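> Let me see the structure of the following:
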Amino acid sequence: MKTLYFDLIGGASGDMILGALIDSGLSIDTLKNMLEGLNLSEFTIQAEKVDKNGFSATKVDVRVKKQPPERHLNEIKAVIQNSSLSKSIQTRALLIFERIAETEAAIHNKTIDQVHLHELGGTDTIIDVVGTLLALDHLGISSIYASPVPLGKGFIEGAHGQIPLPSPATVALLKEIPVYGKNIESELVTPTGAALLAELVDDFGPAPPMILENIGYGAGGRDLPIPNLLRVLIGENSQSGKTTIDHLAILETNLDDLNPEIYPYVIDSLFESGALDVTLTPIHMKKNRPGTQIQVLCEPVDVEAMRLILFRETTTLGIKQYFIERYALPRTIREIETPYGKVRVKIAEISPDLNKISPEYEDCRKLAIEKGIPISLVYQETIRSYQD
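Model prediction:
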């Protein structure tokens with residue numbers, strides 16, 4: 001099972017993604033042959049090696065012979081649906097362009113049928129989107145991950161005049177995706193790049209475990225203070241068995257001056273806002289003060305909400321944050337009939353002949369109260385009934 005990781009060193013655009021995939025071993029001639037399925041004769045595509053801050057990378061240029069009028073969504077749909085591309089490629093491409101159109105429509109307060117896609121309706125964008133899908137399919141990629149997305153600042157000239165960076169379309173397309181700002185006055189992520197990341201990436205965070213096979217660098221057009229590169233890592237998924245890997249975030253802060261009565265309220269607020277786990281640990285702090293460390297486990301998309309709660313509801317002035325990988329066993333829920341009633345059981349499979357089971361506490365508590373028996377007895381009978 002092939003895994004791909006987008007390392008967004010200098011940002012992301014359709015050209016950079018295609019360049020990195022070609023640099024990782026995809027033949028440009030193979031890509032050209034696959035793109036013939038679009039039945040568009042108005043473009044040429046070229047790839048060349050360039051130098052970016054001392055790094056060798058592949059730069060892709062889509063050159064349009066005669067630019068057609070700006071396309072509406074229906075016109076783009078017609079191009080894709082009238083092509084000889086596979087149905088799976090067509091479906092995914094249409095999803096990406098529908099996502100783009102919905103975003104532009106919301107920005108300009110129009111329906112998706114009314115909105116002009118301007119630069120995003122051009123031939124080069126169609127090639128970037130469809131080419132990326134064809135390349136990933138050709139390479140046999142089954143799972144895709146990416147680093148958090150860097151955003152530049154400043155302004156660029158667009159169809160409606162001066163546009164702030166990151167552009168409104170890029171920001172909207174990256175909703176619920178982890179981003180961070182860089183002090184660089186340039187467009188690091190284009191709307192096309194944002195749309196591809198939003199549609200293709202399974203999770204954002206550190207690179208997942210893999211047996212690394214290929215590496216590729218795609219170059220952006222501008223020269224920046226940082227390497228204007230997108231790197232791809234491709235390899236075989238190295239996780240064993242049925243174990244899944246979750247990419248999560250941890251936030252930590254140490255407190256020595258918070259009223260203990262407030263901790264339950266803080267914990268409830270964190271869980272209500274999406275925290276996966278919250279722990280309190282007694283610690284020894286400076287000036288020989290006893291303190292408490294709050295540790296919050298959450299999805300990367302929820303870190304901002306977690307930070308806000310910690311800053312708002314506690315006395316902390318600083319929060320540590322880092323990303324981790326959590327290995328998790330797949331689990332199912334079954335309802336077991338016991339001598340005392342029905343109890344739900346969480347089952348985690350370690351191997352085909354070895355499971356972990358855990359009776360649901362609330363079910364056991366309810367039966368213990370109803371029957372007037374120790375809750376430990378309900379646990380024991382539930383495990384015995386499952387084994388029988």
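> Might one say that residue 8 is in contact with residue 151?
No - applying C-beta atoms under 8 Å as the test, residue 8 and residue 151 come out as separate, 10.2 Å apart. Heads up, the C-betas are built off the backbone N, CA and C, glycines and all.
> Now the common contact residues for the two.
Among the neighbours of residue 8, those also in contact with residue 151 (C-beta atoms under 8 Å, 6 or more residues apart in numbering) are residue 189.
> tell me what the helix or strand bottoming out on mean pLDDT in the chain is packed against?
Least confident helix or strand, the chain: strand 154-158 with a mean of 81, by mean pLDDT, DSSP states H and E. In terms of contacts (3 or more C-beta pairs under 8 Å, 6 or more residues apart in numbering; DSSP states H and E), strand 154-158 is packed against strand 161-165.
> which residues sit against the strand it packs on?
Applying C-beta under 8 Å, 6+ apart, the external contacts of strand 161-165 come out as 151-157, 185-187.
> buried residues in the helix or strand harbouring residue 269?
Assigned by DSSP states H and E, residue 269 belongs to helix 263-272. Residues of helix 263-272 classed as buried: 263, 266-267, 269-270 (neighbour count, 16 or more other C-beta atoms under 10 Å).
> Please work out the average pLDDT along stretch 2-12.
Averaged over stretch 2-12, pLDDT sits at 95.
> correction: stretch 291-308
Stretch 291-308 shows an average pLDDT of 93 in the prediction.
> May I have the distance across that stretch, first residue to last?
With C-alpha to C-alpha, to the nearest Å as the measure, the first residue of stretch 291-308 is 21 Å from its last.
> repeat for stretch 356-376
End-to-end span of stretch 356-376 (C-alpha to C-alpha): 18 Å.
> chain center to it: distance?
Put simply, stretch 356-376 sits 39 Å off its chain's centre (C-alpha atoms, centre = their mean, to the nearest Å).
> next one: stretch 4-18
Mean-position distance between stretch 4-18 and its chain equals 13 Å (C-alpha atoms, centre = their mean).
> what does stretch 24-32 give?
Chain-centre distance of stretch 24-32: 26 Å, with C-alpha atoms, centre = their mean.
> which residues sit against the lengthiest helix in the chain?
As assigned by DSSP state H, the longest helix anywhere in the chain is helix 87-108. Contacts to helix 87-108, defined as C-beta under 8 Å, 6+ apart, come from residues 73, 76-77, 80-81, 83, 85, 111-112, 114-115, 117, 120, 129-130, 133-134, 137, 168-169, 172-173, 191-192, 195-196, 198-199.
> Can you lay out the buried residues of helix 263-272 as a markdown table showing distance to residue 334 and pLDDT?
Converted to a markdown table, the buried residues of helix 263-272 look like this (distance: C-beta to C-beta, whole Å; pLDDT from 0 to 100):
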| residue | distance to residue 334 | pLDDT |
| --- | --- | --- |
| 263 | 35 | 96 |
| 266 | 35 | 97 |
| 267 | 30 | 97 |
| 269 | 33 | 95 |
| 270 | 30 | 96 |
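> hey, what's residue 341 bridged with?
Counting by DSSP bridges, residue 341 is bridged to residue 338.
> Neighbours of residue 315, how many?
Look at residue 315: counted by other C-beta atoms under 10 Å, it has 13 neighbours.
> Residue 324 now?
Number of residues near residue 324 (other C-beta under 10 Å) recorded here: 12.
> Could I get the average pLDDT for whichever strand or helix holds it?
Using DSSP H and E, residue 324 sits within strand 320-328. Averaging pLDDT along strand 320-328 gives 87.
> distance between that strand and the chain's centre?
Remark: strand 320-328 is offset 14 Å from the chain centroid, using C-alpha atoms, centre = their mean.
> show me where the protein has helices.
Per DSSP H, the chain carries helices over the ranges 14-23, 28-35, 73-81, 87-108, 123-139, 168-173, 191-200, 263-272, 303-313, 361-371, 375-387.
> coming back round to it: let's have the buried residues of helix 263-272 in CSV, adding distance to residue 250.
CSV is the format used below for those (distance: C-beta to C-beta, whole Å):
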residue, distance to residue 250
263, 18
266, 16
267, 15
269, 18
270, 12
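> Just name the closest of the residues you listed to residue 13, please.
Nearest to residue 13 out of the buried residues of helix 263-272 is residue 270 (C-beta to C-beta; 36.6 Å).
> Contacts only, for the closest one.
Counting by C-beta under 8 Å, 6+ apart, residue 270 makes contact with 278, 296, 306, 309-310.
> For those residues, give me TSV that also has distance to residue 38 and neighbour count.
Shown next, in TSV, are the contacts of residue 270 (distance: C-beta to C-beta, whole Å; neighbours: other C-beta atoms under 10 Å):
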residue	distance to residue 38	neighbour count
278	51	19
296	47	28
306	44	24
309	48	19
310	50	22
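> you'd agree residue 131 is up against residue 18?
Yes - the pair residue 131 / residue 18 is scored as a contact, 5.3 Å apart, by C-beta under 8 Å.
> Please tell me how far residue 361 sits from residue 387.
Look at residue 361 and residue 387: by C-beta to C-beta, to the nearest Å, they are 19 Å apart.
> okay, these two: which has more neighbours?
More neighbours surround residue 361 than the other of residue 361 and residue 387, with 13 against 8 (other C-beta under 10 Å).
> per-residue confidence at the more buried one?
91.
> Please report the distance of it from residue 371.
Separation of residue 361 from residue 371 (C-beta to C-beta): 16 Å.
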